[in-house]
Each structure stands twice: as structure tokens, then as C-alpha cells.
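Participant: attaching a predicted model along with its sequence, questions to come.
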Amino acid sequence: MEFPKRIYTIQDIRKASGLVKMGYKHHLKIRGTPVFKEKVEQALRLIRIAGYYDFFRKYIRSIVETDGLTQLRETEVAIWANEYAVQDHVDAASLFVQKANHMKEYLQEKLYFGGAAETRSVKKRIEFLQALERESRNDKVKERCEMLLRSWSESTFL
């Protein structure tokens, strides 16, 4: 079966979900300027190091540069990201994992937005940062993970 080009209907969601359950993974595409593409590749390398690349490829098909807000585009199985979202490759990687978790919940037909859903996705982001801090050999990456984790722990959000 072929993965739906767009996910608009409940049938599209169920088809996509079934494919993911059978092990489908996207061939990730990055669209944008050369600088944007390089920044995204840096973030994706960190996703690989933390052991989340297969998870990410299950739920995200592309990352597209936009001048607007960074957001998950569920119907396109894509993350639209602006240049500011990818400046810090550690934070960008954690944001991408968070958006992949949103997409996972969308395909599972869960309520994937709002307070409880946002809490679950932030927990996934924190889990990712902890894994990256543990798995990375780069001291600067470890320090950035520690700083971001401290920031999230101080948040009243969780």
C-alpha cells in the first residue's frame, strides 16, 4: 500500500496508521534554503544519536522552511519551520520530536492538541533531551541538553 499523499479523512488517517503499525517509515525530505537544510540536518543527526530517528521517520515525511509560524501540518505529514526554529540544533531536534509525537497521536485518533496532549508531547521532548544527553559524546550538546532540561523542569507547564 502507498502512504496517503494528504491526510484529510478518517479513512486516510486509518490507512496511514495501519501502514505505520506495519513498519512504514518515510523517506524524509527537507525543503528550504541551503542554510536551512544544513541546520535541519544538524538536528536530524542529534535525533539519530539519541535513537529517535526511526520514531521520527514513522510520523514525519518532510520538513519545510516557512516564513510563518513553526507548526505541524498534519494533513501534509510535515513540519513547517522558520529559520529561528532551527538556529539551535539541540532545541530544534527536541522540537521535531515533539511534533512527531503530535503526529503519532493524530494517527492514533487521540486528541493531539490542547493541554493534556501538549503535556504528553512535552514529556516526549524531555525524554528525547535526556536520551540525547546520555548518548551524545559532545560536551556542548550535553551542556545544552542540561540547560534545556533545567528550563523545562522550572516550567510551570508540567
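Facilitator: Sure, I can see it.

Participant: do a quick rundown of the helices in this protein.
Facilitator: Secondary structure of the chain, counting by DSSP state H: helices at 10-21, 34-49, 53-59, 89-107, 115-135, 139-154.

Participant: between these, which one is nearest to residue 65?
Facilitator: helix 34-49 (4.4 Å; C-beta to C-beta). Glycine gets a C-beta too; all of them are placed from N, C-alpha and C.

Participant: run a quick neighbour tally on residue 139.
Facilitator: Using other C-beta atoms under 10 Å, residue 139 has 8 neighbouring residues.

Participant: and the nearest residue to residue 113 once chain neighbours are set aside, what does it touch?
Facilitator: Take residue 113 and drop its neighbours on the chain: the residue closest to it by C-beta to C-beta, 6 or more residues apart in numbering is residue 102, 7.3 Å away. Applying C-beta atoms under 8 Å, 6 or more residues apart in numbering, we find residue 102 in contact with 72, 74, 112-113, 117, 121.

Participant: and residue 97, what does it touch?
Facilitator: By C-beta under 8 Å, 6+ apart, the contact set of residue 97 is 47, 52, 55-56, 124-125, 128.

Participant: try 7 Å
Facilitator: Residues near residue 97 by C-beta atoms under 7 Å, 6 or more residues apart in numbering: 47, 52, 56, 124-125, 128.

Participant: just the closest of those to residue 153, please.
Facilitator: Of the contacts of residue 97, the one sitting nearest to residue 153 (C-beta to C-beta) turns out to be residue 125, at 12.3 Å.

Participant: read off the pLDDT value for that closest one.
Facilitator: pLDDT for residue 125: 95.
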